[in-house]
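S.K.: Starting from these lines, generate the structure:
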Amino acid sequence: MQVRTKLAVPLIILVIGFALLVYGYWLPQYRSDQANEIRASERSYMGVLATALTPALLSHDFAEVYTTLDEILAERGSWQSVILKDADGKVVYPLASAQVEPGSGEWLESVIQHERVVVGVLLVNVNVESVLAGSVTTIYLMGHLMSLIP
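M.R.: All right, here's what the predicted structure looks like:
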């Protein structure tokens with residue numbers, strides 16, 4: 001064996017081992033952690049939205065509820081659909097049934113309360129994968145660039 005081969009083989013084995021570790025263990029764990037953080041962030045945002053909707057729901061000002069939810073739905077790119085139900089479970093928003101493709105997101109729920117009395121329930125279909133795709137794509141690109149080093 002030549003000296004170059006003797007040096008290259010352990011380096012190649014080391015790079016392959018590192019790539020297997022990154023793609024087999026670390027990246028799936030990272031995706032899972034990031035997805036959980038996105039869910040927690042969306043739930044937090046839903047809690048703030050629920051607090052903002054409470055006065056309008058208590059005063060039955062559905063025009064304000066509709067305006068607020070329409071603006072929020074247009075602003076939040078990861079939100080595919082929003083459903084607001086009153087305390088009796090009747091759908092308040094939207095008037096037409098929400099059309100969401102099956103498997104395109106996951107439903108998160110936030111209970112709207114005022115003085116420990118349920119005023120309504122906010123359901124949001126969030127596409128976590130679309131939010132996650134941006135950060136994971138960068139990591140995949142870095143991994144591919146690292147594989148070109150040897």
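
S.K.: surely G105 meets L132?
M.R.: No. Counting by C-beta atoms under 8 Å, G105 does not reach L132; the two are 11.7 Å apart. (Each C-beta comes from the backbone N, C-alpha and C, glycine too.)

S.K.: for the protein, what spans make up the helices?
M.R.: Along the chain, counting by DSSP state H, helices occupy 3-21, 27-58, 62-75, 128-147.

S.K.: Columns mean neighbour count, mean pLDDT and distance to P94 on top of the ones you listed, output as CSV?
M.R.: Formatted as CSV, the helices of the chain follow (neighbours: other C-beta atoms under 10 Å; pLDDT from 0 to 100; distance: least, C-beta to C-beta, whole Å):
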stretch, mean neighbour count, mean pLDDT, distance to P94
helix 3-21, 11, 81, 47
helix 27-58, 15, 90, 14
helix 62-75, 14, 92, 8
helix 128-147, 13, 71, 21
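
S.K.: so which of those helices comes closest to E109?
M.R.: Comparison of these against E109 by C-beta to C-beta identifies helix 27-58 as nearest, at 8.2 Å.

S.K.: Now do that closest one: which elements does it pack against?
M.R.: Applying 3 or more C-beta pairs under 8 Å, 6 or more residues apart in numbering; DSSP states H and E, one finds that helix 27-58 contacts helix 62-75, strand 79-86, strand 106-114, strand 117-126, helix 128-147.

S.K.: closest one to Q34 among these?
M.R.: The minimum distance between Q34 and those falls on helix 128-147, with 5.6 Å, by C-beta to C-beta.
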